[in-house]
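Student: curious how this folds, go ahead:
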Amino acid sequence: MRAVPRLLLGCLFIFLVPFILPPPEAHGKTISSDPIAGWQFKWSSQPDGGPTMEERNDPDGWTAADAAHPIPPNPANASAAWLKIELPQPQPSEWKQAGLFIDKLYGHIVGIYAGERIIYEAVRNYSYDVFKIALPLEQRDMGQTIYVKIVTFSDRIGIHQAMDVAEYQEGLLQFFKYDLFDMIFGGSLVFFAAIMLICSSFLNKSQLTRWISLSLVILTTGTMIATYSPFLYTFLPSYGKLSLLLFDLSLFVFLPSLAMFVEKTLDGGKITHITRLRKIIAAYSTFCIGLLIFNELTDFKYIKIYYFFTLTVLGIIMLVQFVLLIGVSALHAVRGNKDALILSSGFALFAATAVGELVWFYAHEKNYELHLWKWGVLCFVIAFIIILSRRIARDHEQVVNHSKELELYNTRLQRHEKMEIISELAASVAHEVRNPLQVTRGFLQLLRETSEDKPKKYLGLAMEELDRASDIITDFLTFAKPQLDDVTILRLCDEFEHIQGILAPMANLQGGDIRVQVSDNLYISGNSSKLKQAFVNIVKNSIEALDSAGTIEIWAYSESGEIVIHVKDNGAGMDENELSRLGEPYFSSKTKGTGLGLMVTFRIIEVMRGKIEFKSKKGAGTEAIVRFPQSTAVDS
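Tutor: Alright, predicted model coming up:
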């Protein structure tokens with residue numbers, strides 16, 4: 001699991017390489033060019049059959065156009081036109097071959113003529129209508145007029161940027177370098193997403209939805225970047241239809257995947273508006289996919305309907321989605337969610353560029369090519385990867401903590417099983433052993449009363465050992481059957497005042513002192529004698545651990561519906577091994593100790609629904625911390 005964040009960072013480096021490397025330059029020198037700022041434009045009166053040569057050769061009807069004013073008013077939705085471009089005079093001999101570079105031409109059928117000779121022709125039977133043309137020119141074409149025939153099936157047509165004439169071979173690399181960069185960047189994202197999808201087979205269900213949704217976001221983003229670039233449609237025109245299909249499908253998958261990732265990242269079960277938005281977007285994306293299939297089957301016969309739903313309507317939905325997601329992530333960031341802060345920062349950069357370019361796109365009547373959004377995508381993807389890495393790291397930390405808790409639980413379970421076995425054994429043996437002990441003690445007592453001094457001493461020792469054996473059996477019985485026969489509301493200050501009175505003389509003999517600070521408003525439910533027995537055992541252990549002039553402090557307080565009692569001494573203390581074995585039968589640090597007293601204490605506290613833990617350090621004393629459910633006083 002720890003290797004997953006490293007894998008994410010390694011893959012992140014792969015698609016950051018295009019940003020780290022400097023952009024390619026054409027042999028490290030500036031390329032001279034001769035810009036063409038203006039041209040002429042004429043609508044065709046025969047859009048179905050396409051512009052004719054007669055229309056081209058007619059000197060009437062031509063309108064001046066340039067990059068700032070590329071298209072005159074469109075008469076009756078005309079979809080075909082002629083362009084007339086005057087080429088500049090030939091440049092000096094440093095140009096081996098001149099080339100015409102048209103950065104943005106909208107249309108589906110394009111033919112370029114030098115006089116009557118056609119020098120370029122392209123037909124696209126799919127909806128992508130952006131041409132990026134690098135056209136080599138012959139020497140005889142320079143200074144002449146060339147004509148461009150355009151037919152479009154969409155709602156935009158013509159040239160919308162200034163053109164350049166430059167040296168063809170050197171200008172070619174400069175002309176397509178940013179499109180090549182898009183291909184590298186998009187391909188890196190696709191490769192990265194593919195690795196993530198492969199790795200998804202190693203994840204559990206809790207991580208799978210976030211991981212796959214992020215993988216789909218990165219995959220579709222990379223696909224859109226690569227297939228949006230004119231590079232594929234220029235150099236691989238036979239795959240243009242497939243590229244456009246992949247772009248549209250990626251867009252339709254991207255939007256619901258994005259909503260899903262944000263929903264899961266920000267605990268979407270509580271964000272109903274994002275959940276609803278995601279369902280709406282998923283439904284509309286499904287509708288668009290169905291429309292895409294219908295469009296393919298009808299051979300683009302209803303392309304304008306398709307454009308309306310997948311450009312105009314979908315663009316508005318994207319705007320709403322981006323604004324809502326920014327608002328939600330920002331709201332969670334303000335509330336202190338660090339993932340939301342990272343998400344809102346990266347997503348805000350992406351959404352700001354996306355929203356800004358969409359507004360600009362529609363403000364320019366769709367005669368604008370989106371390009372800034374790719375830089376927002378970089379920040380957006382990096383933010384998502386950081387969030388997912390943080391989530392995986394947190395999940396791993398939780399697994400480690402759960403493993404530690406499970407180990408502690410197993411230790412407690414093993415101890416509990418041992419106690420149960422001892423309890424059953426004690427219950428079955430104690431009664432059988434106690435009766436003969438009592439009979440034996442009775443006869444020894446009679447013999448002692450009639451014996452001489454020396455035998456009387458031996459008989460006294462025998463009786464002391466029998467009493468000790470009886471105490472051990474009593475402890476066994478208390479452990480085996482710690483029923484609380486008389487359960488009442490206990491006032492702790494009274495209970496500990498009694499315990500202090502019992503054990504203070506013993507502490508004084510050891511040179512120690514018992515200090516009790518328990519307020520008079522603390523109550524618990526239990527059996528008074530059992531509670532005293534448990535704490536007498538704890539305090540006696542503290543007394544026996546004291547050196548001269550030692551101190552035992554007892555205090556209690558209320559916390560979160562519990563009464564917390566501390567018993568702390570500054571005695572010899574215990575190491576970690578001794579501390580871990582407390583409560584085990586027959587484990588004691590005292591010479592004649594059996595370990596049964598503390599075992600009984602654990603049992604009593606457990607029956608009274610309490611918890612006990614010890615803290616100790618060798619040479620620095622021991623502290624027992626006991627917790628009981630808090631009760632309220634009963635009015636007398």
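Student: the helices in the stretch 501-636 of the chain, which residues?
Tutor: 528-545, 576-580, 596-607 (DSSP state H, counting those that start in this stretch).
Student: no, scratch that, I was asking about the stretch 51-200 of the chain
Tutor: 53-57, 168-199.
Student: which one of these lies nearest to V151?
Tutor: helix 53-57 (12.6 Å; C-beta to C-beta). Every C-beta, even on glycine, is put in place using the N, C-alpha and C of the backbone.
Student: in that closest one, what counts as buried?
Tutor: Using 16 or more other C-beta atoms under 10 Å as the test for burial, helix 53-57 gives E55, R56.
Student: tell me the mean pLDDT over it?
Tutor: If you average the pLDDT over helix 53-57, you get 86.
Student: can you list contacts of that helix?
Tutor: For helix 53-57, contacts defined as C-beta atoms under 8 Å, 6 or more residues apart in numbering pick out K42, S44, S45, Q46, G61, W82, Y113, Y147, K149.
Student: again, only this time at 6 Å
Tutor: For helix 53-57, contacts defined as C-beta atoms under 6 Å, 6 or more residues apart in numbering pick out S44, W82, Y147.
Student: any chance of the residues you listed in JSON lines, plus pLDDT and distance to V123?
Tutor: Formatted as JSON lines, the contacts of helix 53-57 follow (pLDDT from 0 to 100; distance: C-beta to C-beta, whole Å):
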{"residue": "S44", "pLDDT": "83", "distance to V123": "16"}
{"residue": "W82", "pLDDT": "91", "distance to V123": "17"}
{"residue": "Y147", "pLDDT": "94", "distance to V123": "17"}
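Student: nearest to L249, out of the helices of the stretch 501-636 of the chain?
Tutor: helix 576-580 (61.1 Å).
Student: how about the CA coordinates for the closest one, as CSV?
Tutor: C-alpha atoms of helix 576-580 as CSV (Å, rounded to 0.1, in the frame of the first residue of the first chain):
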residue,chain,number,x,y,z
GLU,A,576,7.1,-2.8,30.5
ASN,A,577,7.3,-6.6,30.9
GLU,A,578,5.9,-6.5,34.5
LEU,A,579,3.3,-4.0,33.5
SER,A,580,2.0,-6.1,30.7
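Student: check which helices and strands that helix is in contact with.
Tutor: The contact analysis (3 or more C-beta pairs under 6 Å, 6 or more residues apart in numbering; DSSP states H and E) places helix 576-580 against no helix or strand.
Student: I'd like the distance between the nearest residue to I118 once chain neighbours are set aside and V539.
Tutor: Spatial nearest neighbour of I118, chain neighbours left out: G111 (5.9 Å); criterion: C-beta to C-beta, 6 or more residues apart in numbering. The spacing between G111 and V539, counted by C-beta to C-beta, to the nearest Å, is 104 Å.
Student: ok, now D513?
Tutor: For D513, the distance to V539 - C-beta to C-beta - is 12 Å.
Student: try Q161
Tutor: Q161 sits 92 Å away from V539, going by C-beta to C-beta.
Student: out of these two, which sits in the more crowded spot?
Tutor: The neighbour comparison of Q161 against V539 (other C-beta atoms under 10 Å) goes to V539, with 25 against 14.
Student: re earlier: which of the helices of the stretch 51-200 of the chain sits most buried?
Tutor: helix 168-199 (a mean of 19; mean count of other C-beta atoms under 10 Å).
Student: which elements pack onto that one?
Tutor: helix 3-20, strand 98-106, strand 130-136, helix 205-228, helix 230-235.
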